[in-house]
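A.B. asks: Provided below are the primary sequence and the corresponding predicted coordinates.
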Amino acid sequence: MFGWFKKKTQKAPVVKEITLYAVADGELIAIEEVKDIVFSQKMMGDGFAIIPTNGSISAPISGKVENVFPTKHAVGFSYAGLEVLLHMGIDTVALNGEPFDTIVSEGQEVQSSTLVSEVDLAKLAEEDKDNAMIVIFTNGNDVIESFDLTASGSVTKGQAIGKIVLK
């Protein structure tokens, strides 16, 4: 009747802010600077990109791997309702996964330090493919109140570079 002897259940904390991390060592650029109209005009969502100096690629957020594309060129992540796509290079799907040693798997929990993929940047150059590591918030219009990059220029893999405030 009074509930005195019932176990109290703890509610999961409501996540309001998500930290964004650099996915590679390199140059952080605005999404509008990406050399592909689909990404630069935000047709898939807002985001950012890093022009990498090496092929070691890590997770853009702490969360869960939702999808690893069969061609290993893209990985989907989620956390607190936010969906994030890491797209490695431009027009790289045609390479059938060859330059990508993507080692994460669906359902895996990741942190900013989690290695996602080793990308053969020389192979991308040989195939005349842009090597931008593009991070897109695919459902941002529905869940993001604000998105702010707090870093610019040269960044280090795993470095906190911005934040998202959820609605």
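C.D. replies: It's in. Numbering: from 1, shown residues only.

A.B. asks: wouldn't residue 64 be in contact with residue 108 here?
C.D. replies: Yes - here residue 64 reaches residue 108: they are 7.1 Å apart, a contact under C-beta atoms under 8 Å. C-beta: built from backbone N, CA, C; applies to glycine.

A.B. asks: in terms of neighbours, single out the busier of the two.
C.D. replies: Taking other C-beta atoms under 10 Å, residue 64 and residue 108 do not tie; residue 108 has more neighbours (17 against 14).

A.B. asks: wait, the more buried one touches residue 63, no?
C.D. replies: No - because the distance of 9.9 Å does not satisfy C-beta under 8 Å, residue 108 is recorded as not touching residue 63.

A.B. asks: partner residues bridging residue 84?
C.D. replies: residue 77, residue 137 (DSSP bridges).

A.B. asks: give the contact list for it.
C.D. replies: Under the criterion of C-beta atoms under 8 Å, 6 or more residues apart in numbering, the neighbours of residue 84 are 60, 61, 63, 76, 77, 78, 135, 136, 137, 138.

A.B. asks: then residue 107?
C.D. replies: 64, 65.

A.B. asks: from residue 118, how far off is it?
C.D. replies: Using C-beta to C-beta, to the nearest Å, residue 107 is found at 21 Å from residue 118.
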